[in-house]
Structure formats: structure tokens, C-alpha cells
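In: Give me a 3D structure for the following:
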Amino acid sequence: MDDEKVIDFTKLKYVLYVRKSSVDGERQIRSIPDQIAECQQLARRLGLNIVEVLEESQSAKKPNIRPVFRQMLTNIKKGIYDAILAWNPDRLARNMLEGGEIINMIDDEQLVDLKFVTHYFTKDANGKMLLGMAFVLSKQYSDDLSQKVGRGVGRRFTTEGKTPVPKYGYINEEGLYRPDNENGCRNFDLMCEAWQMRKTQTSIETISSYLNEQGLYRLVKSTGKRLFMDTQKLSDIFHDSFYYGVLNQAKQQVDLRELYDFEPAVSEDDWNHIQSLSYRRIKPSKPHTLAFYPLRLMVLCSFCGMSMRVGASTSRMKKKILYYRCDNKNCLRKKKSIRSKVIFVDFLYKFVADGLNFTEAEYNKYYEGISTITDQKRQKLRMELNSKRGVLKVVRREIDELTYKIVDYKHEDKIWISNRKRLDGFEDQEKELAQDVAKLEKLLADPERDKLSLEQFLNLSKNAVKIAKSPIPEVKDAFCRKIFLNLTVDEEKVSSYQLKPPFDVLLKHRQQLLGRDLRKS
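Out: Sure, this is the predicted structure:
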């Protein structure tokens, strides 16, 4: 107590340090503005001189990850500050390394004083012991919270015994996603770089090449295999809200930031901005309607594997003929096109000639299989919905900014006319996006939407021939899309095909028999 009596606290240079982790389970902690207000109130009451206010939004659970805190201690050692004012000791440290560092600085008289709103500190042995205990309790609370959250999140993410989907740049620790930066690995840092590159409109191809050159990979634990990046994976990643903290699953959407100290690879604002860039790039300048042709993007060339273009030509008898054509310039195919008759009459009608003849038992297998497919589809729908919502936020922000920009100009002014045109464009986008969001929300609201009822299933089985031979192209197309993923054609016939789950299992026997016929022909 003697040391405290000779110190004139009013002449010390106090630094006010406030911290609230947005990802550290600190939902009950005072907000940063509240912490500042209460600390300033204490300073006025005690006559303390605050020379600077430092704010930080980082977790204190692990040492050496808070640049503001680290610079503050450096400045204390330089004599720029004499003492620290904070709301509670746990704002300074939730780990013993940095807690011990603060006590050592007090012992070495580099740090003259500490003041807290919720804790009374003195520089004597008892005061330092109580401060140490406060740091110990903060660490114990943090560790205990992490364990409880880990168990809870792990249970919440587990679906039918399956663990969460692995993500590039992260490792899964008992159900929690952690940055993959250990043992010299830079996977998380590389993913952060990738998002910043995309923000500056760097192409996906360039980013993918860069990531592979830098050695980014995702490790498959069961096999030890390393999965490297490609453009399709990266394109999906840049639409995945997981990377700013919102995980999409088939039956739920989870904000990881509210559950534990999840570290995002990109901020939510940057993610929204990137979604808007993608939307504006793929949006056609003028809407146009396409003629409907069945099996668009479903028919593949057996020579090059590319999707064949579908179109119609007029014969000498003035009759429209549907054809599928390979337009790949590097394809070795000599006869570039093939008539639709080969697909529908020679293959499809033969495929369903005897009907599908499904039973109620097979319906149960179908329902079980389609449930898995539907869950996967719903997960993709959630990703698309988040992406559209992100774009919508950006568009609405642009509308607000442009509205304020032209409010003081007359309608005949060039600035008003120019910005009014831009505003009209954004308002059209807003309307279109709002409609898209509403449609996606409606699709997600009905989990049974894509599943056939028993009656529909048996009707499809019984009337397969009639449906396949329908003169209405849309009906014929819908039937094929329910059963087939794709059809591969050579210059004369359908050479192979791939059935859509779960029909690949239900029709496996028939697929084997027809496959033998195809090889014979």
C-alpha cells in the first residue's frame, strides 16, 4: 500500500484499452461503446488523464494474436503510456502468458498502475495475487466455454453420424472449424488471399493457378490424400457463406460466429461485394427468350465428352427436324450432328418399352434415396439464397447512395439524368433479386417438394411409355430429367447413359441388360 500512497494518479498517462471479440462467445460482455463510457466515467471520478483510447475486436484466449494489445505494451515500455484503464482484467488477457507478462511489467515498474471498472487493483503482493487469480479465472471460463460449445456444436452439426463437410483452409477439430495454418501449412492464409484477389476481380483461373502453385490443399483424413484446387471448386467456394461464418446445411443454417471463436477468411461486407460482382458479370444486358428444346445440356459427344448443342432445322418437306450437334472445333467426330430420332425412338422408347414396373417396396428405396439427394439440393439452394441476399444488400446500398446523391439536383441537370439512369438499373436489379430470393425461400420452405408421392411414383412406373412418347416436348424433357443424368451419343446411336440417383439403383438390373444390347448393336 505504501507504493500506492506516493503515486499521484492524476499525473499518469493512462491508455484506455477496450476489447470485445465478435467470435469469442462473449455475448454477455459489455459492448465497446459501453466499456468506453463506463471507463471514462471512472476516469472523471478519479481525475485520471486518458491520453488515448485503443479498441480491438480480437479474442484474448490465445497469446500473440492481438496487434493493438501488443503495440500498447510496447508503447508502455517506451514510456508513451504509464498505466492502463480497462473495464475488467479479462479484457487484457484470457491466457496465462499475456496475464503473466502484465504482472511482470508491474514488477519491473514498466507499468505503473492498472485501473478497472469491475476490479480493484493495488500494487502490493495481495493486489498482484488477486489480479493473477482474475486472469486464471478468465482462462478457466474461456476453456470451459470452449469445451461446452465444442460439444454442443459438434452435436448440432452431426447428422445421421456424418461429420461436417470439410472446407479448404480449415481443419475440423471435434466439430469446430479451425484455421489450417499449423506445422508450416498456409492453407488458411492462402484462402484469405484468394478472397482478396477475387475482391479485386482477379479471374478464378488465375486464383486457382496461384493457390496450386503455393501448395494449397485439403487433406482427406481417411486416406491421407491431398485434394488440390480447380476452377469449379473455387467457383463454388466464392459463393459459400461459410467463409464469412454462416454454414449451410440441408436442414439448418448456422452462424458459427455466434457459437465459438470462428475465424472468417473474408468479412461479410467483402463477401456481399463479391457476390454482386458475379451477379453483374453473368446478368444478360437484354432479357431474351429461348426456344424450348428437350434434353438441353444432357446429350454428350462420345468423342470429346462435351455437351452437344440442340437445335432445329427445316427439311425439304417443310418439316422441323430436331438434332444434336457437337460444336467443339477440336473434336475428332466426323459426323457432327445426330437426329433426335436416334435418342427418342431408337433408345428411349426401347428403354421404357415394357414399362418401369416399380413396386411399393421399390418406392420405399426411392424415397430413402431421394431424401439424401434432396438434402444435398437444399444445401446448394441455401448457398444460392445467401449469395442472392448478399447481392441484394449491395444493390440496396447503391440505391440509397445514388438517391442521396441526386436529391439536391434539378431534373434537367446532367448529373441528375445520368445518375437517374443508373438508379433505374439498380431498382430493376433489386426487383429481380427480390423475386429470386422469394422463389428460393419458397423452395426451401417445402422439403417434400422434389419427392414423388407413392401415387405419383407408381403412376410414373405404369405410364412410362405414354409419358416418354408424349408429343409435348416439356413433358418428354421432364420425364428424362427425372431418370437420366446424361446420354452419350456417337455418330449413329446412344452409346451409353448415366441414370440419376436413386434410379441408378432401382434400374440397375435393367441397365445391365440394356447395356448388353447397346454393345451388340
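
In: Give me the buried positions along stretch 33-49.
Out: Of the residues in stretch 33-49, those buried by neighbour count under the rule 16 or more other C-beta atoms under 10 Å are Gln35, Ile36, Cys39, Leu42, Ala43, Leu48. For every residue, glycine as well, the C-beta is placed using N, CA and C.

In: what mean pLDDT does it have?
Out: Model confidence over stretch 33-49, given as mean pLDDT, is 91.

In: chain center to it, what's the gap?
Out: Between the mean C-alpha point of stretch 33-49 and the mean C-alpha point of its chain there is a distance of 41 Å (C-alpha atoms, centre = their mean, to the nearest Å).

In: with the buried residues of stretch 33-49 in mind, which one is nearest to Val310?
Out: Proximity of these to Val310, judged by C-beta to C-beta, is greatest for Gln35, which lies at 64.2 Å.

In: ok, now which ones touch that closest one?
Out: With contact set as C-beta atoms under 8 Å, 6 or more residues apart in numbering, Gln35 has these partners: Val18, Lys20, Ala86, Trp87, Arg91, Val117.

In: so how many other residues sit close to Asp240?
Out: 18 (other C-beta atoms under 10 Å).

In: wait, Asn75
Out: Applying other C-beta under 10 Å, we find 15 residues neighbouring Asn75.

In: do the one 4 residues further on as well
Out: If you count neighbours by other C-beta under 10 Å, Gly79 ends up with 9.

In: follow-up on the earlier one: pull the most distant pair out of the buried residues of stretch 33-49.
Out: Between any two of these, the greatest separation by C-beta to C-beta is 15.3 Å, found for Gln35 and Leu48.

In: Give me the subset of the buried residues of stretch 33-49 lying in strands.
Out: Within the buried residues of stretch 33-49, membership in strands is found for no residue, as judged by DSSP state E.

In: Which of the three states applies to Asn486?
Out: Of the three states, Asn486 takes strand under DSSP: H, G, I helix; E, B strand; the rest coil.

In: So what sits opposite it in the bridge?
Out: The residues listed as beta-bridge partners of Asn486 by DSSP bridges are Gln498.

In: care to break the protein down by domain?
Out: The record assigns the chain these domain ranges, following automatic domain parsing: 2-145, 170-282, 284-521.

In: need the least confident one among these, by mean pLDDT.
Out: Here the lowest mean pLDDT among the domains of the chain goes to domain 284-521, at a mean of 77.

In: what number of residues lie near Lys431?
Out: Burial of Lys431, expressed as a neighbour count using other C-beta under 10 Å, amounts to 11.

In: secondary structure element for it?
Out: Assigning secondary structure by DSSP states H and E places Lys431 in helix 414-445.

In: helices or strands next to that helix in the packing?
Out: helix 360-406 (3 or more C-beta pairs under 8 Å, 6 or more residues apart in numbering; DSSP states H and E).

In: Please name the spatially closest residue to Val475 (chain neighbours excluded).
Out: The shortest distance from Val475 to any residue other than its chain neighbours is 6.4 Å, reached at Ile467 (C-beta to C-beta, 6 or more residues apart in numbering).

In: residues touching the one you found, list them.
Out: Ile467 makes contact with Leu460, Val475, Lys476, Phe479, according to C-beta under 8 Å, 6+ apart.

In: again with Lys62
Out: Shown in contact with Lys62 (C-beta under 8 Å, 6+ apart): Asn95.

In: what's the answer for Lys469, then?
Out: Counting by C-beta under 8 Å, 6+ apart, Lys469 has contacts Tyr349, Lys476.

In: So it versus Lys61, what's the distance?
Out: Lys469 sits 67 Å away from Lys61, taking C-beta to C-beta, to the nearest Å as the criterion.

In: what do you get for Asn272?
Out: Going from Asn272 to Lys61 by C-beta to C-beta gives 28 Å.

In: cool, and Arg397?
Out: In this structure, Arg397 and Lys61 are 34 Å apart, going by C-beta to C-beta.

In: Would you indicate which residues of the helix holding Lys431 are buried?
Out: Of the residues in helix 414-445, 416, 419, 423, 426-427, 429-430, 432-433, 436-437, 440, 443-444 count as buried by neighbour count, 16+ other C-beta under 10 Å.

In: As CSV, these with distance to Glu182 would be great.
Out: Formatted as CSV, the entries for the buried residues of helix 414-445 read as follows, by distance: C-beta to C-beta, whole Å:
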residue, distance to Glu182
Trp416, 57
Asn419, 50
Leu423, 49
Phe426, 45
Glu427, 49
Gln429, 43
Glu430, 44
Glu432, 45
Leu433, 40
Asp436, 40
Val437, 39
Leu440, 38
Leu443, 40
Leu444, 37
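
In: from those, which single one is nearest Gln498?
Out: Sorting these by how near they are to Gln498, with C-beta to C-beta, puts Leu443 at the top with 25.1 Å.

In: Please narrow the buried residues of stretch 33-49 to those residing in helices.
Out: Those of those mapping onto helices are Gln35, Ile36, Cys39, Leu42, Ala43, per DSSP state H.

In: quick one, what contacts the second one?
Out: Residues in contact with Ile36 (C-beta under 8 Å, 6+ apart) are Leu16, Val18, Val53, Glu55.

In: so the residue nearest to Val475 is in which element?
Out: Counting by DSSP H and E, the secondary-structure element that holds Ile467 is helix 464-468.

In: Can you pull the phi/psi pair for Val299?
Out: Reported as degrees, to the nearest 10, the phi and psi values for Val299 are phi -100, psi 120.

In: ok, now how distant is Leu487 from Met298?
Out: Distance from Leu487 to Met298, counting by C-beta to C-beta: 6 Å.

In: same check, this time on Gly184
Out: According to C-beta to C-beta, Gly184 stands 46 Å off from Met298.

In: of the two, who's got more company?
Out: With other C-beta under 10 Å as the criterion, Gly184 and Met298 differ in neighbour count, and Met298 comes out ahead with 20 against 5.

In: helix/strand/coil for Ser14?
Out: Residue 14: Tyr, not Ser. Going by three-state DSSP, the secondary structure assigned to Tyr14 is strand.

In: now it, which residues is it bridged with?
Out: Beta-bridge partners for Tyr14, by DSSP bridges, are Ile50, Ala83.

In: Next up, the contacts around it.
Out: Ala43, Leu48, Asn49, Ile50, Val51, Tyr81, Asp82, Ala83, Ile84, Leu85, Asp113, Lys115.

In: so after the helix or strand where Asp189 lies, what's the next helix or strand?
Out: Counting by DSSP H and E, the element that carries Asp189 is helix 187-199. Where DSSP H and E defines the elements, the next helix or strand beyond helix 187-199 is helix 204-213.

In: buried residues in the helix holding Asp189?
Out: Neighbour-count burial for helix 187-199 flags Asn187, Phe188, Asp189, Leu190, Met191, Cys192, Glu193, Ala194, Trp195, Met197, Arg198 (criterion: 16+ other C-beta under 10 Å).

In: What is that helix packed up against?
Out: helix 204-213, helix 231-237, helix 268-282.

In: circling back: which one of the contacts of Ile36 sits closest to Tyr323?
Out: Closest approach to Tyr323 among the contacts of Ile36 (C-beta to C-beta): Glu55, at 66.6 Å.

In: which residues does that closest one contact?
Out: For Glu55, the contacting residues are Val18, Arg19, Ile32, Ile36, Val68, taking C-beta under 8 Å, 6+ apart as the criterion.

In: Heading C-terminal from the strand or helix carrying it, find the next helix or strand.
Out: With the criterion set as DSSP H and E, the secondary-structure element containing Glu55 is strand 49-56. Per DSSP H and E, strand 49-56 leads on to helix 67-78 as the next helix or strand towards the C-terminus.

In: buried stuff in that next one?
Out: Using 16+ other C-beta under 10 Å as the test for burial, helix 67-78 gives Phe69, Met72, Leu73, Ile76.

In: which among those gets closest to Arg178?
Out: For those, the closest approach to Arg178 (C-beta to C-beta) belongs to Phe69, at 21.4 Å.
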